[in-house]
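Engineer: Curious how this folds, go ahead:
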Amino acid sequence: MPKVAVGGTFQYLHDGHEVLVIKAFEIAKGEKVYIGLTSDEMINKNHKIQAYECRKTELIEFLDKLDIPDKNYIISKLNDPYGPTLEGAFDYIVVSPETYPVALKINRLREEKGLPPLKIARVEYVMAEDGIPISSTRIAKGEIDGHGRLKEKEARDKSPG
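Structural biologist: Below is the predicted model:
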């Protein structure tokens with residue numbers, strides 16, 4: 001059975017994150033998925049970030065909503081972009097277009113260590129209503145919600161007249 005890794009900051013857990021995580025569990029076919037969650041120390045964003053424990057709680061709540069038993073995943077803190085993928089016997093890594101270059105680098109580093117490359121499952125961006133990808137940065141700026149609905153549009157729809 002495949003050993004699958006997926007990682008990210010998972011800030012404001014949104015539809016794009018959910019598609020990424022769901023894909024990891026589809027590939028794993030009931031086996032354990034290794035989820036790397038970026039540590040607070042590693043984050044370099046120009047907007048406020050939820051604390052690690054808050055992001056971890058939201059991720060666990062999402063997995064519970066999918067009825068994924070906790071025995072089917074491990075969430076570990078990422079203090080670097082690679083986590084256990086440079087050492088472990090992983091088969092797949094699930095990435096977004098944003099993290100695809102990291103997966104390529106992981107495979108280069110694995111090759112240098114004599115390890116087989118990971119199969120890369122690239123999940124395309126989930127688009128917001130305006131055709132621009134849903135992102136935590138856009139959510140933080142108040143442009144969209146976690147489902148890609150435009151905030152300006154919501155305000156217009158709620159205003160009288």
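Engineer: quick one: low-confidence parts of this protein?
Structural biologist: For the chain, applying pLDDT under 70 flags the ranges 45-47, 153-161.
Engineer: For it, just list every one of the strands.
Structural biologist: Remark: strands assigned in the chain by DSSP state E are 4-8, 33-38, 73-78, 92-95, 119-122.
Engineer: Quick one: list the elements packing against the second one.
Structural biologist: Here strand 33-38 is seen to pack against strand 4-8, helix 15-28, helix 52-65, strand 73-78 when contacts are counted using 3 or more CB pairs under 8 Å, 6 or more residues apart in numbering; DSSP states H and E. In short, each C-beta sits where N, CA and C put it, glycine included.
Engineer: now the third one
Structural biologist: Counting contacts by 3+ CB pairs under 8 Å, 6+ apart, the secondary-structure elements packed against strand 73-78 are strand 33-38, helix 52-65.
Engineer: hang on, the earlier thing: in JSON lines, list the helices and strands packed on strand 33-38 along with distance to Pro84.
Structural biologist: Below are these laid out as JSON lines (distance: least, CB to CB, whole Å):
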{"stretch": "strand 4-8", "distance to Pro84": "7"}
{"stretch": "helix 15-28", "distance to Pro84": "14"}
{"stretch": "helix 52-65", "distance to Pro84": "17"}
{"stretch": "strand 73-78", "distance to Pro84": "7"}
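Engineer: Please name whichever of the ones you listed is nearest to Thr99.
Structural biologist: strand 4-8 (7.0 Å; CB to CB).
Engineer: contact partners of the closest one?
Structural biologist: 17, 20-21, 23-25, 27-28, 31, 33-38, 78, 83-85, 88, 90-96, 99, 118 (CB atoms under 8 Å, 6 or more residues apart in numbering).
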